[in-house]
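Enquirer: return a 3D structure for these sequence lines:
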Amino acid sequence: MKTENVSISHKNYTLYTQYQNNEKLRLEFNRLTQKVWEFDFENYYQSGYWDDNCILYSLFDGDTIASHTTVSLFTGNSTGETKTLIQLGTVMTDADYQKQGLSRFLMERILNDFKGKNDGIFLFANETVLDFYPKFGFVPVQEFEAFQHIKNLNPGERSDKRKLNLDQEADLKLFENMVENAVPNTIFQTKNKGLSFFYCYANPELGYRDSIYFIEDLNCAVVVENEEQTLHILEVFSPSTIDITRVIAAFTDIPFDEVVLGFTPEQNNFNYRKWKDDDLQLFVTEELEPFFKKQQLIVPVLSHT
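Expert: Below is the predicted model:
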């Protein structure tokens, strides 16, 4: 944990970073997160998978959290080289402290702290703050969703699958091994073990804990949901590159007529259409802008913060 006294608009605050192990501060952070976003991070912390790639930046007024931004670090491989990517998320300011420059302070501090230490930053902004992020060099970009109609696919022989029960130690270890050793199956990679477990393990009600399957023939774990005749393949974890068509074949025992991916596949037998997450707009720094301008990409769904 790091602590620093700061003055913003002639008012004193305490800047805390990486303080999740301090129960008092963490619970206050959870209080505001629940108030603003209607969820919190306590299950994540108690799961034991909150690592140093999830960094809290919070301004406190005494014992009260006033403003916050979470920094998530990713190992990326969007250009054939290992890259360090950053996502800013859980951005929030308590109603009593808005329009006092607190979010600006946190943004400037984070950009300064990570200057020269990253290969690109991205974030999702709602429609109320679309004018805020361009002030810091962020630009809006379009995302594209990969999909395919099943009638146009030839999935071939179906592999057996089984649903993983992460309450069972053996299945949890198997899944952890898949996540840790996963290679990119996507053009825009955002690898972060802690965030994968945030979605797939720590939050049964919020995440995808009941949607994880293991396909032994392919040696891969797959996060899948079937909704309204659409098979959503949200993520594939495997120590080797996987043919997504073979993954699809493992699920042809359930009814669906369309496949939608939560990431941009490396293989080229998919169609693409514009995609937007509700009222959220993706912003990226200038280092990442060319990739989204030249290719039809999506930030992996399980990487959103």
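Enquirer: mind listing what the one helix or strand Tyr213 maps to pairs with, with the direction of each?
Expert: Tyr213 is part of strand 212-215 when elements are defined by DSSP states H and E. Applying DSSP bridges, strand 212-215 is found paired with strand 162-163 (antiparallel), strand 220-227 (antiparallel).
Enquirer: now it: buried residues?
Expert: 212-215 (16 or more other C-beta atoms under 10 Å). The way it works is simple: take the backbone N, C-alpha and C, and place the C-beta from them, glycine included.
Enquirer: that one: how far from the chain's middle?
Expert: 20 Å (C-alpha atoms, centre = their mean, to the nearest Å).
Enquirer: what of stretch 230-239?
Expert: 14 Å.
Enquirer: any weak-confidence spans in the stretch 1-150 of the chain?
Expert: Of all residues in the stretch 1-150 of the chain, those with pLDDT under 70 make up the ranges 77-80.
Enquirer: in it, which spans are helices?
Expert: 23-37, 42-47, 102-113 (DSSP state H, counting those that start in this stretch).
Enquirer: what's in contact with stretch 124-140?
Expert: Residues from elsewhere that reach stretch 124-140 (C-beta atoms under 8 Å, 6 or more residues apart in numbering): 89, 91, 103, 107-108, 111, 121, 123, 277, 279-286, 289, 304.
Enquirer: can you say which of these are buried?
Expert: In those, the ones that pass as buried (16+ other C-beta under 10 Å) are 89, 91, 103, 107, 111, 121, 123, 281-285, 289, 304.
Enquirer: widest-spaced pair of those?
Expert: Ser103 and Glu289 (22.5 Å; C-beta to C-beta).
Enquirer: buried residues in the strand ranked longest in the chain?
Expert: Criterion DSSP state E: the longest strand present in the chain is strand 64-76. Residues of strand 64-76 classed as buried by neighbour count (16+ other C-beta under 10 Å): 65-74, 76.
Enquirer: do stretch 270-280 as well
Expert: Quick answer for stretch 270-280 (16+ other C-beta under 10 Å): 270, 272.
Enquirer: pull the number of nearby residues for Glu4.
Expert: 10 (other C-beta atoms under 10 Å).
Enquirer: look up the closest residue to it, ignoring the ones flanking it.
Expert: Leaving aside its sequence neighbours, Glu4 sits nearest to Leu15 (C-beta to C-beta, 6 or more residues apart in numbering; 4.5 Å).
Enquirer: ok, what's across the strand from the one you found?
Expert: Glu4, Leu59.
Enquirer: so what's it up against?
Expert: Counting by C-beta under 8 Å, 6+ apart, the residues that Leu15 touches are 2-6, 57-60, 109.
Enquirer: count the residues that sit near Val36.
Expert: Neighbours around Val36, by other C-beta under 10 Å: 15.
Enquirer: I meant to write Thr3 there.
Expert: 12.
Enquirer: please apply the same query to Gln87.
Expert: Counted with other C-beta under 10 Å, Gln87 comes out at 21.
Enquirer: just checking, Thr93 touches Ser67?
Expert: Yes - when contacts are counted by C-beta atoms under 8 Å, Thr93 is listed as touching Ser67 (4.2 Å).
Enquirer: any shared contact partners between the two?
Expert: Joint contacts of Thr93 and Ser67 (C-beta under 8 Å, 6+ apart) are 102-103.
Enquirer: rewinding a little: could the buried residues of strand 212-215 go into JSON lines alongside distance to Asn53 and pLDDT?
Expert: Converted to JSON lines, those look like this (distance: C-beta to C-beta, whole Å; pLDDT from 0 to 100):
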{"residue": "Ile212", "distance to Asn53": "21", "pLDDT": "98"}
{"residue": "Tyr213", "distance to Asn53": "26", "pLDDT": "98"}
{"residue": "Phe214", "distance to Asn53": "25", "pLDDT": "98"}
{"residue": "Ile215", "distance to Asn53": "27", "pLDDT": "97"}
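Enquirer: which of the buried ones among the contacts of stretch 124-140 fall in strands?
Expert: 89, 91, 121, 123, 281-284.
Enquirer: returning to that earlier point: Val223 is nearest to which of the helices of the stretch 1-150 of the chain?
Expert: Short answer: helix 42-47, nearest of those by C-beta to C-beta, at 16.7 Å.
Enquirer: give me the contacts around that closest one.
Expert: Contacts of helix 42-47 (C-beta under 8 Å, 6+ apart): 20, 26-27, 30, 50, 197-198, 201-203.
Enquirer: thanks a lot, see you next time.
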